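Engineer: sequence plus the predicted model coming up.
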Amino acid sequence: MDQTVLVAIVTAAAALGGSAVAALISLRSIRLQNEHALTLAREERSENRVAALRQARRDAYKDFLDKASSVVHAITKTHDSQVSDEDFQSLFDSAWDQANLLLPLINTVSIEGPLEVLECGRELRAALYGELRSVRAVRQGEAPNDAVTEATNRRKRAVTATSYAAREALGSNINTH
């Protein structure tokens with residue numbers, strides 16, 4: 001019986017040792033899986049934050065450029081020298097009011113960044129006001145007709161620069177040249 005007990009003890013110890021080794025291997029494997037899952041979750045959260053930031057920027061830039069386009073359309077109506085003074089003043093006031101609506105949008109662009117887009121957006125806003133002032137000055141005989149052409153060209157350059165800066169900021173400025 002001593003030999004049977006000894007064999008049983010050795011067998012039990014071997015089984016217990018084997019179980020301990022298997023448990024340690026299993027714990028290590030689970031720990032590695034958890035670390036991998038945690039790394040993947042962090043990467044996914046990071047990617048989601050980047051995607052959300054990009055979408056917020058895109059929305060801010062689009063809203064600003066859409067409103068600027070509306071202002072351009074309103075300003076273009078004021079270029080017509082055939083409209084009466086009363087109609088001109090109404091068109092001018094409407095365009096000026098629409099340009100004023102760019103302020104909250106430029107603030108959103110400011111928050112979303114980056115600085116290059118904000119600077120271009122501010123230049124565009126200033127160019128729109130400049131064009132309006134030039135149209136009024138020409139209409140009132142205070143400036144030559146070329147003033148409107150120069151102001152319009154400045155505005156066109158500002159629209160192009162703002163669009164380009166926005167594409168750069170979004171990382172989607174694909175050069176096709």
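Structural biologist: In hand now; what should we look at? Not measured: the values here are computed from a predicted model.

Engineer: drop to CA atoms for contacts and neighbour counts, all remaining ones
Structural biologist: Fine.

Engineer: what's around Thr4, how many residues?
Structural biologist: 9 (other Cα atoms under 10 Å).

Engineer: give me the pLDDT for Asn173.
Structural biologist: Confidence at Asn173, expressed as pLDDT, is 57.

Engineer: and the residue positioned nearest the centre of the chain, what is it in contact with?
Structural biologist: Residue closest to the average C-alpha location in the chain (Cα atoms, centre = their mean): Arg57, at 1.5 Å. Residues counted as contacts of Arg57 (Cα atoms under 8 Å, 6 or more residues apart in numbering) are Val109, Glu112, Gly113, Leu170.

Engineer: from the residues you listed, which is closest to Ala143?
Structural biologist: Val109 (33.4 Å; Cα to Cα).

Engineer: ok, that closest one to Ala68 distance?
Structural biologist: For Val109, the distance to Ala68 (Cα to Cα, to the nearest Å) stands at 13 Å.

Engineer: could you do Ala60 as well?
Structural biologist: In terms of Cα to Cα, Ala60 sits 12 Å off from Ala68.

Engineer: can you show me the helices along this protein?
Structural biologist: 2-78, 85-100, 102-112, 115-139, 146-170 (DSSP state H).

Engineer: among the ones you listed, which is the most enclosed?
Structural biologist: Most buried of these, by mean neighbour count (mean count of other Cα atoms under 10 Å): helix 115-139, with a mean of 21.

Engineer: packing partners of it?
Structural biologist: Packing partners of helix 115-139 (3 or more Cα pairs under 8 Å, 6 or more residues apart in numbering; DSSP states H and E): helix 2-78, helix 85-100, helix 102-112, helix 146-170.
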